[in-house]
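Visitor: got a predicted structure here, sequence first:
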Amino acid sequence: MQDFHEIINDRQAIVNRFLNEVELPSGRKVFIPTIPVQLKTSGPRHFKSGPRLGEHTAEVLYELGFSEDEIDKFRRDGAVKTG
């Protein structure tokens, strides 16, 4: 059994693609675990970081029918954070 620090430094885990390195928007690189069962037919997987907090908030609110003025008011009131 390995702890987290041993796993992310395990060359075999990286070569066998049990871990993938992902670059965050900040430029920091981190390892994320992958699915341990891999099929040749599924091809290579491409990983990226998830969206930042509030990155898509305005888009979602527009889709829900809120106006730009309403969204600006939500921002000013601290009800939402937008990217």
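Guide: Everything's here; your move. Residues are numbered from 1 along each chain as shown.
Visitor: in stretch 62-76, what's buried?
Guide: Neighbour counts using 16 or more other Cβ atoms under 10 Å place F66, I71, F74 of stretch 62-76 among the buried residues. No exception for glycine: its C-beta is placed from N, CA and C like everyone else's.
Visitor: sort out for me which of the residues you listed are in helices.
Guide: I71, F74 (DSSP state H).
Visitor: check the offset of stretch 49-61 from the chain's centre.
Guide: 11 Å (Cα atoms, centre = their mean, to the nearest Å).
Visitor: repeat that for stretch 72-83.
Guide: Worked out by Cα atoms, centre = their mean, stretch 72-83 lies 22 Å from the chain centre.
Visitor: got the end-to-end distance for it?
Guide: Stretch 72-83 has an end-to-end distance of 13 Å (Cα to Cα, to the nearest Å).
Visitor: rounded mean pLDDT for it, please.
Guide: For stretch 72-83, mean pLDDT rounds to 89.
Visitor: quick one: residues in contact with it.
Guide: P51, R52, L53, G54, E55, H56, T57, A58, L61, F66, I71 (Cβ atoms under 8 Å, 6 or more residues apart in numbering).
Visitor: that's all I had, so thanks and see you.
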